[in-house]
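Engineer: Show me the folded form of this:
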Amino acid sequence: MRVVLHLVTFVLCIGLFAASAQAAEQAEWDQAKVTSIAKRLIPTVNTAYESILPGQLGDANPNNFYRLREIGRRIRPEARRLADLLGKGEGHDATWPVYEQLAMQIRDAQELVNQLFVPEPVSGNLKACKVLIDELTPFYKKPDKAKDW
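Structural biologist: Here you go, the predicted structure:
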């Protein structure tokens, strides 16, 4: 009986710990702050894109340059769209798909840069984009109970 009581107590403690950890991970929605971060992302993304020039990847496969350039090309309008939607007062649910796509593309670009020898201006500019996406992430974290399609 005593073992069962200890086991139940242990399971309840684990559940409470998990619930409090999740609550700490997801920030309360702050429209002004999220909009401000998204607006700062636009020039950062533009600078990153403009720094990706032909020949910067050295002897690496030329396809990697074009892959990185294409990711950068897709990120620019997504960053503008996110900032525009937030600026018009759209909230979490309306901007979630744009944020999700943008974050995925910035992470893809960062992974590609990490695999290649890329000069500091390009890698530094992409890191700056990643820093801003990381600032947005707590506002867009899904609760565990949220179901994906």
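Engineer: tally of neighbours for the nearest residue to Ala83 once chain neighbours are set aside?
Structural biologist: Of all residues beyond its chain neighbours, the one nearest Ala83 is Ala38 (4.1 Å), with distances taken as CB to CB, 6 or more residues apart in numbering. (C-beta placed from N, C-alpha, C; glycine too.) For Ala38, the number of neighbouring residues by other CB atoms under 10 Å comes to 26.
Engineer: cool, Gln115 as well?
Structural biologist: Around Gln115 there are 10 other residues, counting by other CB under 10 Å.
Engineer: And the helices in the chain, which stretches?
Structural biologist: Here the chain has its helices, by DSSP state H, at 2-25, 31-51, 62-87, 92-115, 120-140.
Engineer: possible to save those helices as TSV with mean pLDDT?
Structural biologist: Formatted as TSV, these follow (pLDDT from 0 to 100):
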stretch	mean pLDDT
helix 2-25	41
helix 31-51	95
helix 62-87	92
helix 92-115	93
helix 120-140	92
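Engineer: returning to that earlier point: for the residue nearest to Ala83, what are its contacts?
Structural biologist: Ala79, Leu82, Ala83, Leu86, Leu136 (CB atoms under 8 Å, 6 or more residues apart in numbering).
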